[in-house]
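Asks: next input, structure requested:
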Amino acid sequence: MKKLLTALLCVPATLSMAQTKINSATFGMMEARWLGPGTMSGRITAIQGVNNEPKTIYIGTAGGGVWKTTNSGASFKPIFDKYCQSIGAVAVDQKIRK
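Replies: As a prediction, the model looks like this:
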């Protein structure tokens, strides 16, 4: 009896999930954006922050050059990506503010 009751309770839940249709409205206003180093090589080799600007971070990657974020990593922009370069270290001059 317990097995039958459990089966009957699970059926409506699976039917409602199976009937969900995925379309453009599912994702709303989501737009493409630069995800940063993870999409290029996946291996971050160096990280350096800016003392006076806590939301600014520079990331060096194994195969994708150097990336910069000014919003604490929510999005990244490539500093240079003309050539594929493996970065081993990143240093930021904390006295110069750009």
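
Asks: and the residue nearest to G49 when sequence neighbours are not counted, what helix or strand is that in?
Replies: Spatially, and ignoring its direct neighbours in sequence, G49 is nearest to I57 (5.1 Å; CB to CB, 6 or more residues apart in numbering). Every C-beta, even on glycine, is put in place using the N, C-alpha and C of the backbone. Here I57, judged by DSSP states H and E, is contained in strand 53-61.

Asks: what strands flank that strand, and is each parallel or antiparallel?
Replies: Strand 53-61 sits in its sheet next to strand 44-50 (antiparallel), strand 66-69 (antiparallel), going by DSSP bridges.

Asks: quick one: closest of those to S86.
Replies: Smallest distance to S86 across the strands paired with strand 53-61 (CB to CB): 7.6 Å, for strand 44-50.

Asks: verify the stated contact: K77 with N71.
Replies: No - using CB atoms under 8 Å, K77 is not in contact with N71; the gap is 10.4 Å.

Asks: ok, back up a step: what does the strand holding I57 rub up against?
Replies: 36-37, 40-41, 43-50, 66-73, 76, 79, 86-90, 92, 97 (CB atoms under 8 Å, 6 or more residues apart in numbering).

Asks: ok, now stretch 22-30?
Replies: Outside stretch 22-30, no residue touches it (CB under 8 Å, 6+ apart).

Asks: CA atoms of it as CSV?
Replies: This file holds the C-alpha atoms of stretch 22-30, laid out as CSV (Å, rounded to 0.1, in the frame of the first residue of the first chain):
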residue,chain,number,x,y,z
ILE,A,22,11.8,25.7,-22.8
ASN,A,23,11.7,28.7,-25.1
SER,A,24,13.1,32.2,-25.3
ALA,A,25,10.8,33.4,-22.5
THR,A,26,12.5,30.9,-20.2
PHE,A,27,15.7,32.9,-20.2
GLY,A,28,14.1,36.3,-20.1
MET,A,29,16.5,39.2,-20.7
MET,A,30,19.6,37.1,-20.3
